[in-house]
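Q: Sharing a model prediction with you, sequence too.
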Amino acid sequence: MCAIEAGKRGGRVAVLEHSDGLGKKILISGGGRCNFTNIHCEPDNFLSANSHFAKSALARYTPADFIALVEKHRIPYHEKTLGQLFCDRSARDILRMLEQECSSAGVSVFLRAKIHEVKRITEFEVHTGNAEFHAPALVVATGGLSIPKMGATSFGYDLARQFGLKIREPWPGLVPLVLRAEDRSAYCELAGLSADVIASWNGQQFREKMLITHRGLSGPAILQISSYWKKPQEIQIDIAPGTELTEIFRDPKTPRTLAALRSEFRKTLPARFADRWLDLHAPTAWTNAALAALERQAHAWAIVPTGTEGYEKAEVTAGGVDTDELSAKTMESRKIPGLFFIGEVVDVTGQLGGFNFQWAWASGAAAGRAL
């Protein structure tokens, strides 16, 4: 996106890609369908040490702008849930669109460009294995540490440090959580079951699906809260949002038995999960107070993860180049003229649902227009 915008303005632009093909993370995103933006994109959908930093770029390149590009290329798409837009066919449509836009803008792309050294004397010098590039401006769009098997490295952070820029310590975001041994033995044989829940931590909450895995918890609600969660604190899970599980017992004719309670839980939750949860949280008595306590527990089930599945399973890397180092309008370094950082390498992290792509497009456009 940055290269396209710079090329359209007459810049002589080279994209140096260290792998053998462009956009590999685009191709695997959204289950191969690419959740390319979210129509409800707001600054509140992003996590950063400076919550205001992303506002300028997001306002000047909106989801509507990217949708217009998608429609210009006649790419069919659909809204899934919560404003998430996906390709009807394949993520390859988005990659092909960006490649065509680069070509139209006169952008040169160099694949397998392994960078050995970056220097700045009067201008930037970038040395690869078999070439040398000189330019007055250098844009770093190297992503984070997530999914190392696809080639993710710390290159962008290392380069920022080389030029004296501060880094906010990165951590895995949008990542499954690992449970303690006792919770694993209690729940993980139910791997594959999912339920609609609200996952909460420190004022953040997300209502979406939770998935039980062989090592812990995943699914959209858990991935969302994982970006915010800090070890060793607990997260709270409402396993029955908007439902009063013990309401039936207000009728004096209803027998207060475990069988009746189990039947109510099964109306809301997968049967095996309902049974297991009740086995582990059976009411201490059948009094109104005990049932009220059970009800509260079902809406605030406290779980203390031991950690996350790490960068191997993380969809995004939180943290990164400190936004205090960059212009919010152009993404240019305040210390080093001509040096720009965009996308995931910056300390701006989107929630699940197309927001990280929109930040990529918006921050890329901001830098491209400033070059």
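A: Happy to help now that I have it.

Q: now could you export just the CA positions of stretch 348-359 as PDB?
A: Extracted C-alpha coordinates of stretch 348-359, given in PDB (Å, rounded to 0.1, in the frame of the first residue of the first chain):
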ATOM      1  CA  VAL A 348      -0.500  -0.400  17.200                       C
ATOM      2  CA  THR A 349      -2.300  -3.700  17.400                       C
ATOM      3  CA  GLY A 350      -5.800  -4.300  16.100                       C
ATOM      4  CA  GLN A 351      -8.500  -6.500  17.600                       C
ATOM      5  CA  LEU A 352      -9.600  -9.600  15.700                       C
ATOM      6  CA  GLY A 353     -11.800  -9.100  12.700                       C
ATOM      7  CA  GLY A 354      -9.900  -7.200   9.900                       C
ATOM      8  CA  PHE A 355      -8.600  -4.300  12.000                       C
ATOM      9  CA  ASN A 356      -4.900  -5.300  11.600                       C
ATOM     10  CA  PHE A 357      -5.200  -5.200   7.800                       C
ATOM     11  CA  GLN A 358      -6.900  -1.800   8.000                       C
ATOM     12  CA  TRP A 359      -4.000  -0.500  10.100                       C
END
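
Q: Report the buried residues of that stretch.
A: Along stretch 348-359, these residues count as buried under the neighbour rule (16 or more other CB atoms under 10 Å): V348, T349, G350, Q351, L352, G353, G354, F355, N356, F357, Q358, W359. For glycine as for every other residue, the C-beta is placed from the backbone atoms N, C-alpha and C.

Q: out of those residues, which are inside helices?
A: F355, N356, F357, Q358, W359 (DSSP state H).

Q: Setting the sequence-adjacent residues aside, check what's closest to the second one.
A: So the one you mean is N356. Distances taken as CB to CB, 6 or more residues apart in numbering place G350 nearest to N356, at 3.9 Å, with adjacent residues excluded.

Q: Do I have it right that the one you found meets W361?
A: No: with contact defined as CB atoms under 8 Å, G350 does not reach W361; the gap is 11.3 Å.

Q: What is the three-state secondary structure of I248?
A: helix (DSSP: H, G, I helix; E, B strand; the rest coil).

Q: That one contacts T254, correct?
A: Yes: with contact defined as CB under 8 Å, I248 reaches T254; the gap is 5.2 Å.

Q: Helices of the stretch 1-150 of the chain, start to end?
A: 2-8, 24-28, 55-60, 63-72, 92-104 (DSSP state H, counting those that start in this stretch).

Q: mind checking which of those helices is nearest L223?
A: Nearest to L223 among these is helix 24-28; the distance by CB to CB comes to 15.4 Å.

Q: That closest one: how far from the chain's middle?
A: Between the centre of helix 24-28 and the centre of its chain there are 14 Å (CA atoms, centre = their mean, to the nearest Å).

Q: what does that helix contact?
A: Identification of contacts with helix 24-28 by CB atoms under 8 Å, 6 or more residues apart in numbering yields C34, A91, R92, I94, L95, L98, G143, I147, M150, G151.

Q: what kind of secondary structure is the residue lying farthest from the centre of the chain in?
A: In terms of distance from the mean C-alpha position of the chain, K253 ranks first, at 49.2 Å (CA atoms, centre = their mean). Counting by three-state DSSP, the backbone at K253 sits in coil.

Q: Would you agree I222 falls within a helix?
A: Yes: under three-state DSSP, I222 sits within a helix.

Q: contacting residues for it?
A: I222 makes contact with P176, L177, A199, M210, L211, according to CB under 8 Å, 6+ apart.

Q: Let me have those residues in JSON lines, extended by secondary structure, neighbour count and distance to E117.
A: Conversion of the contacts of I222 to JSON lines gives the following (DSSP: H, G, I helix; E, B strand; the rest coil; neighbours: other CB atoms under 10 Å; distance: CB to CB, whole Å):
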{"residue": "P176", "secondary structure": "coil", "neighbour count": "22", "distance to E117": "37"}
{"residue": "L177", "secondary structure": "strand", "neighbour count": "24", "distance to E117": "40"}
{"residue": "A199", "secondary structure": "strand", "neighbour count": "28", "distance to E117": "45"}
{"residue": "M210", "secondary structure": "strand", "neighbour count": "23", "distance to E117": "47"}
{"residue": "L211", "secondary structure": "strand", "neighbour count": "18", "distance to E117": "44"}
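
Q: Export those residues as a markdown table, with columns for distance to E244.
A: As requested, those are exported to a markdown table (distance: CB to CB, whole Å):
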| residue | distance to E244 |
| --- | --- |
| P176 | 30 |
| L177 | 27 |
| A199 | 20 |
| M210 | 20 |
| L211 | 25 |
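
Q: Closest to L82 out of those?
A: The closest of the contacts of I222 to L82 turns out to be A199 (CB to CB; 14.8 Å).

Q: any idea how far L85 is from the closest one?
A: Going from A199 to L85 by CB to CB, to the nearest Å gives 24 Å.

Q: cool, G106 as well?
A: 29 Å.

Q: Next: F341.
A: F341 sits 26 Å away from L85, going by CB to CB.

Q: So the two - more neighbours on which side?
A: Between F341 and L85, counted using other CB atoms under 10 Å, the more crowded position is F341 (30 against 24).

Q: Hmm, S333 and that one touching each other?
A: Yes: counting by CB under 8 Å, F341 does reach S333; the two are 7.2 Å apart.

Q: Residues that sit against both of the two, list them.
A: Here F341 and S333 share the contacting residues L165, E325, L326, scored by CB under 8 Å, 6+ apart.

Q: Just give the closest residue to the second one, not the sequence neighbours.
A: Once its chain neighbours are removed from consideration, E325 has its nearest residue in L165; the separation is 4.5 Å (CB to CB, 6+ apart).

Q: so who does the one you found touch?
A: By CB under 8 Å, 6+ apart, the residues touching L165 are V321, D322, E325, S333, K335, I336, F341.
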